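1. turn this into a model:
(3 chains)
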Amino acid sequence: MPGNPTPTKLFKKQQTTSPMNFSLLILGPPYSTQASATALRFARAALANGHSIYRLFFYHDGVHNASALVTAAQDENSLPQQWQALIEQHHLDSVVCIAAATRRGVLSEQEVKRHGKTGGNLIDGHELSGLGQLVDASLNADRVITFG
Amino acid sequence: MDKQATDKPANKDILLVFRHAPYGNALAREGLEAALACGAMGAKTSVLYINEGIWQLLAPQDSGAIDCKNQAAMASALPLYDVDDIWVDEASLKQRNLSSADINHGKIITTARVQELLATSNSILSF
Amino acid sequence: MLLHTVNKSAFDNSGLGDCLRVAAPNDAVLLIENGVYGALNSSQGETAHSQSIKQLNANGTRFFVLKADCEARGLGGAALLPAFQTTDDAGFVALAAEASAIQSWY
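-> This next block holds a predicted model:
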């Protein structure tokens, strides 16, 4: 890399921010792009630093983070499992947009029956619901942040 | 899941920023559906078309041959859901050799006004 | 004060340029994921965005890169544009908390 760099200043939180309640809008799928992994790290850091999470809303390709059939290789981590663990550990409210999920093949047992198919794959801990939950998540959290 | 409504200021609003062209991927469509949901729920909702999002405003669109839902037709429902604050970034139009004559809805605004819009929003959903 | 996140490389995507056009003096811009490439300083001269960054920074806009994404991409010891500070996940959260809202450019 060019030159002998002046050490880049490291920005550390200077003062304690008052606790914030975050909603996260997650639009990226596991594996294919980095968005969901970044969102997970943000969520963990928020919780570790005294903030709370109002809701996780999985939309667009983000719905695949709630699929139980996503299976990571032995030497890799599974984002869906990591999200599930975080949700369970912190009792987070996680909503997956039902329309976006259905058209991408992420369905609960109930939805599977309703559409006359077999093989529900929605991971426990997520609720399938409508965009109204995203609206609520945006209005009632202190901050909403999109990971796309 | 039941959420306790927190003690939030009544003037909280939602700004949806549309930066992607229609049809090439689902962001334009799903962003618009989110905007319609915001309007339907009675939230004070604004939409900003900027960068490649500008292309969503060309009309008429005939999406039959590519078997996609018509983005322009869906967008015409925004006022029906009380989403009347529809903003269009002037610089993005110019960059694409478009003018007000080419687009079918929205109020064209300058960069300064875009900055003001972003600066005064409580919640931004980025599509 | 708005927080902007940019996650695409400035060399193949207009996201950073689009962001810089609307970034305001008291805003913060955080480069994440492939966006970190936009922070690189080059001995070969200015890029399309480095001038904008310098100017915005002179007017008060703050610029950050996410450390984990730099390190992953082999940029841990790289020379960054003078405007940039490195931050971590906790810093990312702090910026989001400080901001009035967050716009994600992707």
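
2. how about the strands of chain B, start to end?
-> Assigned by DSSP state E, the strands in chain B fall at B:13-18, B:44-49, B:85-89, B:107-109, B:123-126.

3. looking at those, spot the one closest to chain C.
-> With CB to the nearest CB as the measure, strand B:123-126 is the member of these nearest chain C (4.1 Å). Where C-beta positions appear, they are placed from N, C-alpha and C, glycine not excepted.

4. what sits opposite C:Val65 in the beta ladder?
-> C:Leu31, C:Thr86 (DSSP bridges).

5. now do the contacts for it.
-> Residues near C:Val65 by CB atoms under 8 Å, 6 or more residues apart in numbering or on different chains: A:8, C:30-32, C:35-36, C:39, C:80, C:84-87.

6. pLDDT below threshold where in the chain?
-> Since no chain was named, I'll use chain A. For chain A, applying pLDDT under 70 flags the ranges A:1-17.

7. about what we covered before: any chance of JSON lines for the contacts of C:Val65, columns neighbour count?
-> Listed next are the contacts of C:Val65 as JSON lines, based on neighbours: other CB atoms under 10 Å in any protein chain shown:
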{"residue": "A:Thr8", "neighbour count": "22"}
{"residue": "C:Leu30", "neighbour count": "27"}
{"residue": "C:Leu31", "neighbour count": "29"}
{"residue": "C:Ile32", "neighbour count": "26"}
{"residue": "C:Gly35", "neighbour count": "25"}
{"residue": "C:Val36", "neighbour count": "28"}
{"residue": "C:Ala39", "neighbour count": "30"}
{"residue": "C:Leu80", "neighbour count": "24"}
{"residue": "C:Phe84", "neighbour count": "26"}
{"residue": "C:Gln85", "neighbour count": "18"}
{"residue": "C:Thr86", "neighbour count": "22"}
{"residue": "C:Thr87", "neighbour count": "25"}
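
8. for chain C, which residue gets nearest to chain B?
-> Per CB to the nearest CB, C:Ser104 is where chain C lies closest to chain B, at 4.1 Å.

9. who's in contact with the host helix or strand of that residue?
-> Using DSSP states H and E, C:Ser104 maps to strand C:101-105. Contact with strand C:101-105 is made by A:143-148, B:15, B:17, B:19, B:118, B:121-124, B:126, C:2-8, C:15-16, C:18-19, C:96, as judged by CB under 8 Å, 6+ apart.

10. and it, which strands flank it?
-> Neighbouring strands of strand C:101-105 in its sheet, by DSSP bridges, are strand C:2-6 (parallel).

11. so what touches the strand it pairs with?
-> When contacts are defined by CB under 8 Å, 6+ apart, strand C:2-6 is touched by residues A:145, B:118-119, C:15-16, C:19, C:23-24, C:27-32, C:35, C:38, C:95-96, C:98-106.

12. now those: which count as buried?
-> Neighbour-count burial (16 or more other CB atoms under 10 Å in any protein chain shown) applied to those gives A:145, B:118, C:15-16, C:19, C:23-24, C:27-32, C:35, C:38, C:95-96, C:98-106.

13. quick check: next helix or strand after the longest helix belonging to chain A?
-> Ranked by residue count under DSSP state H, the longest helix found in chain A is helix A:35-48. Downstream of helix A:35-48, the next assigned helix or strand under DSSP H and E is strand A:52-58.

14. does the following helix or strand past that next one reach chain B?
-> Next helix or strand after strand A:52-58 toward the C-terminus (DSSP H and E): helix A:79-90. No - Helix A:79-90 does not reach chain B (CB under 8 Å from any CB of the partner chain); its nearest approach is 11.8 Å.

15. got the phi and psi for B:Ile66?
-> When quoted as degrees, to the nearest 10, the phi and psi of B:Ile66 stand at phi -100, psi 10.

16. who are the neighbours in contact with the nearest residue to it once chain neighbours are set aside?
-> Spatial nearest neighbour of B:Ile66, chain neighbours left out: B:Tyr23 (6.4 Å); criterion: CB to CB, 6 or more residues apart in numbering or on different chains. Listed by CB under 8 Å, 6+ apart, the contact set of B:Tyr23 reads B:63, B:66, B:68, B:71.

17. out of these, which are buried?
-> B:Gln71.

18. tell me the two of the contacts of B:Tyr23 that are most distant?
-> B:Ile66 and B:Gln71 (11.1 Å; CB to CB).

19. now do the same for the residue in chain B positioned nearest to chain A: its pLDDT.
-> Closest contact between chain B and chain A, by CB to the nearest CB, is at B:Ala37 (3.5 Å). For B:Ala37, the model assigns a pLDDT of 98.

20. that one is in contact with A:Ser129, isn't it?
-> No - B:Ala37 lies out of contact with A:Ser129 (CB atoms under 8 Å); the separation is 11.3 Å.

21. which of those two has more neighbours?
-> Taking other CB atoms under 10 Å in any protein chain shown, B:Ala37 and A:Ser129 do not tie; B:Ala37 has more neighbours (20 against 17).

22. residue contacts, the more buried one?
-> Neighbour list for B:Ala37: A:130-132, A:134-135 [criterion: CB under 8 Å, 6+ apart].

23. can I assume B:Ile14 is in contact with B:Gly42?
-> No - look at B:Ile14 against B:Gly42 with CB under 8 Å: they stay out of range, at 11.0 Å.
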